[in-house]
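**Student:** Predicted structure and sequence below. I'll ask about it afterward.
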Amino acid sequence: MTDRVNDDNLRTNGLRHSWRRITVVEEADSEGHLEDRRTKEHLVVARQGDEESTLVKLNDKEPAVRERERERRHEAENREKYAPRSGRPSQRRGKLELDATLIQRFRYQWLSNEVVDGRWTYVLAFAPPGEVEGGQVADRILGNLGGRIWVDAEVFEVARIDANLLKRIKIGGFIAEVSDLGFLIDRRPLPDGPWVDIKLESHAAGRKLFARFSGRMEIRQEDFAPLPAESAKAVSVQ
């Protein structure tokens with residue numbers, strides 16, 4: 001599985017497709033009632049690993065020019081800040097890179113075989129080899145995640161991940177605490193071969209000082225289409 005992840009990372013870095021990305025973010029108040037809901041729809045174009053996204057809808061409406069410009073500036077800043085350099089992977093905050101290093105952080109146990117979207121998969125339980133107490137918050141969260149992973153039985157691609165936090169994580173002593181966190185990632189093959197993320201669902205809850213917080217996010221990616229050959233050729237010449 002680790003070898004397959006490495007191969008796939010190299011192959012999908014050259015992905016030349018366009019697709020739609022729909023993002024829904026919901027935040028609840030301290031009593032768990034829905035307080036805010038925001039939606040965004042982007043048109044995404046990927047050329048040889050370089051993604052560009054254009055905001056086409058904001059809260060189900062066409063965005064104003066200033067909103068598009070603000071989103072474009074924000075994307076440009078992120079691309080510059082988190083672009084891979086000297087062969088190192090992107091370190092963009094909030095982006096979970098499914099690579100060999102991440103796969104090897106956990107121990108696995110076979111559970112069963114299961115059909116996912118018409119394809120046979122191996123279902124494995126995963127858990128950290130031991131508790132992680134120190135280090136950065138992200139490392140402590142990753143070191144205390146457990147759940148299940150579905151691996152395609154034919155090509156050994158990761159088809160689904162369902163993970164949850166196994167224990168509460170305190171941040172800065174009394175300052176904050178993450179009491180609940182989890183995510184579900186679904187991946188499928190495109191007709192021309194590459195596997196892509198089609199859905200991400202995540203939720204989190206905890207406390208900041210004396211205030212409770214909770215929220216969820218859903219990202220769907222759909223309508224994948226290969227770019228015309230002329231477009232891909234033009235990019236290669238540049």
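**Tutor:** Received the coordinates, thanks. Keep in mind the model is a prediction, meaning the values are calculated, not measured.

**Student:** so where do the strands sit in this protein?
**Tutor:** 17-28, 34-47, 50-58, 107-116, 119-127, 145-152, 158-165, 169-171, 176-189, 195-208, 211-226 (DSSP state E).

**Student:** right, so of these, which gets closest to Arg72?
**Tutor:** Of all the strands of the chain, strand 50-58 sits nearest to Arg72, with 7.7 Å by Cβ to Cβ. Yep, even glycine has a C-beta here, placed from its N, CA and C like the rest.

**Student:** Would you mind listing the outside residues contacting the closest one?
**Tutor:** Residues outside strand 50-58 that contact it (Cβ atoms under 8 Å, 6 or more residues apart in numbering): 21, 39-46, 62-63, 67-68, 71-72, 75.

**Student:** Can you select the buried ones from the residues you listed in ChimeraX?
**Tutor:** Buried residues among the contacts of strand 50-58 (16 or more other Cβ atoms under 10 Å), as a ChimeraX selection:
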select :21,40,41,42,45,46,63,71,75
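
**Student:** For the chain, give me the ranges with low pLDDT.
**Tutor:** 1-14, 79, 81-99, 131-134, 230-238 (pLDDT under 70).

**Student:** Tell me what the residue nearest to Arg220 when sequence neighbours are not counted is bridged to.
**Tutor:** Distances taken as Cβ to Cβ, 6 or more residues apart in numbering put Ile22 closest to Arg220, at 4.7 Å, once the chain neighbours are dropped. Beta-bridge pairing for Ile22 (DSSP bridges): Glu41, Arg220.

**Student:** residues touching Ile22, list them.
**Tutor:** Thr39, Lys40, Glu41, Ile219, Arg220, Gln221, Glu222.

**Student:** Over to Pro129?
**Tutor:** Arg105, Phe106, Arg107.

**Student:** If you count residues, where's the longest helix of this protein?
**Tutor:** Assignment by DSSP state H gives helix 65-82 as the longest helix of the chain.

**Student:** Distance from that one to the middle of the chain?
**Tutor:** Centre-to-centre, helix 65-82 and its host chain are 19 Å apart (Cα atoms, centre = their mean, to the nearest Å).
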